[in-house]
Each structure stands twice: as C-alpha cells, then as structure tokens.
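In: with the sequence up front, the predicted model follows.
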Amino acid sequence: MTATEPPASPARINYLLLVLANLFWAGNFIAGRLVVTEITPLQLTWTRWLIALIILIPLALRVDGRVWRAGLREWPLHVCLAVLGVIGFNLFSYVALQYTTSLDAAVVGSINPALIAVVAAIIIRERIKPLNVLGLAVSLLGVLLVLTDGNLLGTFTADYNLGELYMLGAVTVWTFYSILGRKLTTPPVTSTAIQAIMAVIILTPFIAVGGFDVSLSAGGWTGLLYIAVFPSVLSFMFWNIAVRRVGAARSGIFLNLLPVFTALLGLLMGNGISAVQLLGGGLVILGVSVTVRPPRRAIV
C-alpha cells in the first residue's frame, strides 16, 4: 500500500469476506460431487466437520480467548444453528447432487437471496431498500442466464425432480440459519467451533450405527481436506462475520455469485463457457455492486 492509497474500509472488507465465502463454497460443490461418489452424504458431512474442528478449536482459543463459557450460555441457539446450517444445509445439498445435476441444483439455489430478504423482512423487520430490490433483480437475472444458457423460459417450465426438492430444503434451512445467526453474541470463530462440535456430536450416533469405511482415493482425500478447511472453516467464519455487520438480506445477495464462481472453476477444470454465461456473470456482479453501493453524501 502506498502512502497516498487509502486503507480498505470496513464495508469493503465485509464484502470481500462474502465474496471469498462464496468462492470457497463453489469449490465445495465441485469437490463434494467428487467425494460423494466414494462416501455417503452423511459420512461426508460428519468427517468434514470432525477434521475442521482440528483447526477451529485452537483458532477459537487463540482469537477469542476465554469466551467459551459465554458462548455456551447460548447453547440452544447454537444447537439450532448447527442443525440448520452445519448439518441440514450440507446433507440436503450432498443428497441433492445424487439425484440431479449441479445446474438444476443451482437453479433452485438461486432463489436463496430473495428468500432471505423476504423472510428477514417478515421475521426481524429488516428493511428492504429499493436499491436492494434492484440489485437482487439484476443479479437474479444474471444467475438465470448463467444457469439456463440464455433459455430463461426453460427455468419456469422444467420438471423438478427429487434432487431439486432436496436443494429447496437446503435453501430453506440456510435462510433461517442466516437470519437466526444475527441473534448470536458469541464471536464468529467460537460460534462456528461450537456449532461444529454440536454437529459432530449429533451425527456420531448415526455414523456409529451405519459404520464408516474410510477407503477414499487420493482425489477423494484431497477433496475432503479442501472441504474441511475452506468451505467448513473459512466460509462459515467469513459468512457469520459479514451477516452480523451488513445484515442477512444484503449478505444474501452475494449468494448469487455462487453459480458464477462454480462456472468459472469448471472453466479452469476444462469445461467450456459461453458468451451468454459471461453476460450472466457480468449481470450478477453488476447486481451485487448496485446492492452494496453506499449512498451518496450531500455536498455542503
């Protein structure tokens, strides 16, 4: 940073956290699709958080210090959030990918920002500004262009299968996770660690009954370790930090970046990308930019 370059504002830092969270989650869909062919969605969900705890617990103790007791006072809310976001969202998503394509799952997932904004307005009276509505509409249009390759009518005439219904479940639980997460006073790192511990405890009896043969390939282990570190630790911490600072509705707009990042990561892996997908990605970025743009200050 030069002497004349202004430091990054807190708002920009919050938006960067939201962008990174969605980038890592995009990798989760790609890596998860690989790993779920070798182990079950339940085993994947349990293992990713068990490994993540190796990082989360020391990190929480280092960053937040002695706030565990305070965090445990909110244990009912932590249990609820663990069931919704840590267990529910991941199980629904991984099961969905067993029945439908990533494209169809993303179509259903693209309604998440709108659902968060509407439910937040109803439950916690979070105000929806006209600029937020405009940004949401533009970014949603971009998402639909990316997902349908320009065939917008196909989105509304498609026959949704079991996988898409599971993805709808994932969208629903994540909506309530995002909204309820604002009620926490526990610091984000510690809250993520507590929820991960509770998720592992809840899932362990099911793993014990069903058994777990850890016979992953090298690619499977690589994907699992990526999921345990980036989407599990970093994305959840970044998301929880940003939601508390900028609100659930505005944070939800950034979820429209998820299919765009998924397409870009697929491009890096050798998949093609069309001009329509590039246009759609541009609209998503434009919509997010409109949403997070600070209001102009009057010149006096």
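Out: Right, received. Where do you want to start?
In: and stretch 125-145, what's buried?
Out: Glu126, Asn132, Gly135, Leu136, Val138, Ser139, Leu140, Leu141, Gly142, Val143, Leu144, Leu145 (16 or more other CB atoms under 10 Å). Where you see a C-beta, it was placed from the backbone N, CA and C, and this is true even at glycine.
In: narrow these to those in helices?
Out: Taking DSSP state H as the definition of helices, those contribute Asn132, Gly135, Leu136, Val138, Ser139, Leu140, Leu141, Gly142, Val143, Leu144, Leu145.
In: out of these, which is nearest to Ser251?
Out: Asn132 (11.2 Å; CB to CB).
In: which pLDDT value belongs to that closest one?
Out: On pLDDT, Asn132 comes in at 74.
In: quick one: contacts for it?
Out: Ala117, Ala249, Arg250, Ile253, Thr291 (CB atoms under 8 Å, 6 or more residues apart in numbering).
In: turn the ones in helices among the buried residues of stretch 125-145 into CSV, columns for distance to Ala11.
Out: Formatted as CSV, those follow (distance: CB to CB, whole Å):
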residue, distance to Ala11
Asn132, 15
Gly135, 15
Leu136, 18
Val138, 20
Ser139, 18
Leu140, 23
Leu141, 25
Gly142, 22
Val143, 23
Leu144, 28
Leu145, 28
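In: buried ones in the helix or strand harbouring Leu258?
Out: Here Leu258, judged by DSSP states H and E, is contained in helix 257-268. Residues of helix 257-268 classed as buried: Leu257, Leu258, Pro259, Val260, Phe261, Thr262, Ala263, Leu264, Leu265, Gly266 (neighbour count, 16+ other CB under 10 Å).
In: now stretch 189-205, how far from the centre of its chain.
Out: Stretch 189-205 sits 17 Å away from the centroid of its parent chain (CA atoms, centre = their mean, to the nearest Å).
In: likewise for stretch 236-253?
Out: So, by CA atoms, centre = their mean, the centroid of stretch 236-253 is 10 Å from its chain's centroid.
In: so in the chain, which helix runs the longest?
Out: The chain, longest helix under DSSP H: helix 10-35.
In: can I get stretch 244-259 in CSV, CA atoms only?
Out: Taking Å, rounded to 0.1, in the frame of the first residue of the first chain, the C-alpha atoms of stretch 244-259 are listed here in CSV:
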residue,chain,number,x,y,z
ARG,A,244,-23.7,-9.6,11.6
ARG,A,245,-22.1,-6.5,10.1
VAL,A,246,-24.1,-5.9,6.9
GLY,A,247,-27.4,-7.8,7.6
ALA,A,248,-28.9,-11.1,6.3
ALA,A,249,-30.7,-9.6,3.2
ARG,A,250,-27.7,-7.8,1.8
SER,A,251,-25.4,-10.7,2.5
GLY,A,252,-27.9,-13.0,0.8
ILE,A,253,-27.4,-11.1,-2.5
PHE,A,254,-23.8,-12.4,-2.6
LEU,A,255,-25.1,-15.9,-2.8
ASN,A,256,-25.8,-15.2,-6.5
LEU,A,257,-22.1,-15.3,-7.0
LEU,A,258,-22.0,-19.0,-6.1
PRO,A,259,-23.1,-20.3,-9.5
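In: quick check: mean pLDDT across that stretch?
Out: 81.
In: just the buried positions in that stretch, please.
Out: 244-259.
In: return the member of the residues you listed nearest to Asn28.
Out: Leu258 (9.5 Å).
In: skip the chain neighbours and tell me the closest residue to that closest one.
Out: Asn22 (4.9 Å; CB to CB, 6 or more residues apart in numbering).
In: hang on, isn't the one you found packed against Ile253?
Out: No - counting by CB atoms under 8 Å, no contact exists between Asn22 and Ile253, whose distance comes to 10.5 Å.
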